[in-house]
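Visitor: following is a predicted model, sequence given first.
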Amino acid sequence: MKNDGKGYFGKFGGSYTPEVLRVCLKGLRNSYRDISQDATFWQEFETLLTNYSSRPTPLTFADNLTRHLGGAQVYIKREDLNHTGSHKVNNVLGQGLLCKRMGKKRVIAETGAGQHGLATATMAAKFGFECTIYMGAKDVRRQRPNVFWMEKLGAEVIAVEEGSRTLKDAVNDAFRDWVNSFDDTHYVFGTACGPSPFPEMVAEFQSVIGKEARQQIMTATGQLPDKVYACVGGGSNALGIFSAFMDDQEVELVGVEAGGKGLDSDLHAARLSSVQGKPGVVQGYKSCFLQNDDGQMLDTHSIAAGLDYVGVSPILAHLSETRRVRFTAATDEQVLAAMETVIRHEGIVPALESAHAFAAALAEIPDMSPQQSVIINQSGRGDKDIFTIAEAFGDSKWQQFIKERADEY
Ligand SMILES: *Cc1c(COP(=O)(O)O)cnc(C)c1O
């Protein structure tokens, strides 16, 4: 997805930041422009993805699920098999190489659930960068396993005590750091949001997913898929897989947001598939944000921490407006049911985020024909979610295990 030269996709995107930050973003835009044309950079990126993150990831034919659903042929793009367990590493390795090119020695990042912080800390260990991760204090408490690993990997994790003490407060503090440290520091943004050039840059690093998937489905079936499903948090895994099919009008692209407790509750994160998502400018970019009638940001909810965000990629906001991508939402309840079906039939454990894409697909596939095929992007693996999933399923043996462990301390 190319922007209009000024960082806009239709009426969304751009860069709305204080003067001091403009200097940082301009420097980054220049460096990104330089590598865009540089074949050696992309060669190095591909080699790194191959040797460090086991790319290309497979496209798995889900034969059991296909039989069970009795509709289209089901293919799963296996981003869960990346190093660190999700697609996040694609973007992070790209920005790591860019950081090296820029001659910087330190990286910073924001993180909500901790997945992006973990991927960034991993990359920093590999490249020998100093690393600081900003995380809302509330999330630090909720996501201890990820915090543990980030620290073990050598990162400093800073618990942000401002505002609601979650992701958006972590973003603010990371920008604050960057303004004062730009000379030697790169800000590794985690998704296709934020001021230009972050949305287009992250989407480009993730486009490797779609390039592989397109070739793989052509090899497997000899034709393009009828539908491609991806979950949508900030939008990076969705843009990554959608990009390769953007010009194939016959391929329907479906983005699945967090429906939480339902779109008529106030507990969801459906920015593009609910009426509460409205255009606005927040954290440096123009997109759709969940707001009340006074333009106040709403609190979000999802069973999947990675989808629990008030904004969404400006590129996806544009693709929603032009109707190239259809947006829908899956509720927490539908997600758990989908999760169980996929685990039992395929022996594959999707992340709670990815299970949103499965939930929407599982509902539609039975109405399709066996001559048709779909790709579901499995953005990550679910074993990281064991605390949430075991609790959501109300597993009594798990509860007992947690109690006993706690008593031992
Ligand atoms: C972070 C995350 C997401 C959401 O981020 P996007 O930028 O929308 O892709 C989805 N799935 C997994 C496994 C994640 O870790």
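Guide: Yep, that arrived. Numbering: from 1, shown residues only.
Visitor: please make it C-alpha for all contacts and neighbour counts, starting now.
Guide: OK.
Visitor: who does the closest residue to the ligand within the stretch 251-400 of the chain bridge with?
Guide: Nearest residue of the stretch 251-400 of the chain to the ligand: Gly380, at 3.6 Å (C-alpha to the nearest ligand atom). Beta bridges link Gly380 to Ser86 when assigned by DSSP bridges.
Visitor: surely it meets Thr84?
Guide: No: Gly380 is beyond contact range of Thr84, at 9.0 Å (criterion: C-alpha atoms under 8 Å).
Visitor: who has more neighbours, the two?
Guide: Gly380 (26 against 17; other C-alpha atoms under 10 Å).
Visitor: pLDDT at that one, what is it?
Guide: Gly380 is assigned a pLDDT of 96 by the prediction.
Visitor: ok, it - contacts?
Guide: By C-alpha atoms under 8 Å, 6 or more residues apart in numbering, Gly380 lies in contact with 78-81, 85-87, 350-351, 353-354.
Visitor: restrict the residues you listed to those near the ligand?
Guide: Among these, the residues lying close to the ligand (C-alpha under 6 Å from any ligand atom) are 86, 351, 353-354.
Visitor: surely Cys231 touches Glu353?
Guide: Yes: applying C-alpha under 8 Å, one finds Cys231 in contact with Glu353, separated by 6.4 Å.
Visitor: quick revisit: who wins for neighbours among the contacts of Gly380?
Guide: Ser354 (31 neighbours).
Visitor: which SS state does that one fall under?
Guide: Assigned state for Ser354: helix (three-state reduction, DSSP: H, G, I helix; E, B strand; the rest coil).
Visitor: ok, it - contacts?
Guide: Ser354 neighbours (C-alpha under 8 Å, 6+ apart): 230-231, 377-380.
Visitor: select only the buried ones of those residues in PyMOL?
Guide: Remark: buried members of the contacts of Ser354, expressed as a PyMOL selection using 16 or more other C-alpha atoms under 10 Å:
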select buried, resi 230+231+377+378+379+380
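Visitor: for the stretch 251-400 of the chain, what lies in contact range of the ligand?
Guide: Residues of the stretch 251-400 of the chain lying near the ligand (C-alpha under 6 Å from any ligand atom): 306-307, 351, 353-354, 379-380.
Visitor: okay, and the common contacts of Cys231 and Glu353?
Guide: Ser379.
Visitor: quick check, pLDDT for Thr166.
Guide: For Thr166, pLDDT reads 87.
Visitor: can you tell me how far the residue of the stretch 251-400 of the chain closest to the ligand is from Ala125?
Guide: 21 Å (C-alpha to C-alpha, to the nearest Å).
Visitor: then Gln215?
Guide: 33 Å.
Visitor: now do the longest strand seen in the chain: which elements does it pack against?
Guide: Criterion DSSP state E: the longest strand present in the chain is strand 252-260. Using 3 or more C-alpha pairs under 8 Å, 6 or more residues apart in numbering; DSSP states H and E, the elements in contact with strand 252-260 are strand 227-231, strand 325-331, helix 332-346, helix 352-364.
Visitor: so what strands line up beside the following helix or strand past it?
Guide: Where DSSP states H and E defines the elements, the next helix or strand beyond strand 252-260 is strand 277-282. Counting by DSSP bridges, the strands paired with strand 277-282 are strand 285-290 (antiparallel).
Visitor: any idea how far the partner strand is from the chain center?
Guide: 17 Å (C-alpha atoms, centre = their mean, to the nearest Å).
Visitor: between strand 252-260 and the next helix or strand after that strand, find me the angle.
Guide: Once the chain leaves strand 285-290, the next helix or strand it forms, by DSSP H and E, is helix 314-321. Angle, helix 314-321 to strand 252-260, by axes from the mean of the first three to the mean of the last three C-alpha atoms, to 10 degrees: 110 degrees.
Visitor: hmm, who's touching helix 314-321?
Guide: 1, 9-13, 192-193, 199-200, 235, 239, 272, 285-288, 325-327.
Visitor: among those residues, which ones are buried?
Guide: 9, 12-13, 192-193, 199-200, 235, 239, 272, 285-288, 325-327.
Visitor: please consider this matter closed, and thank you.
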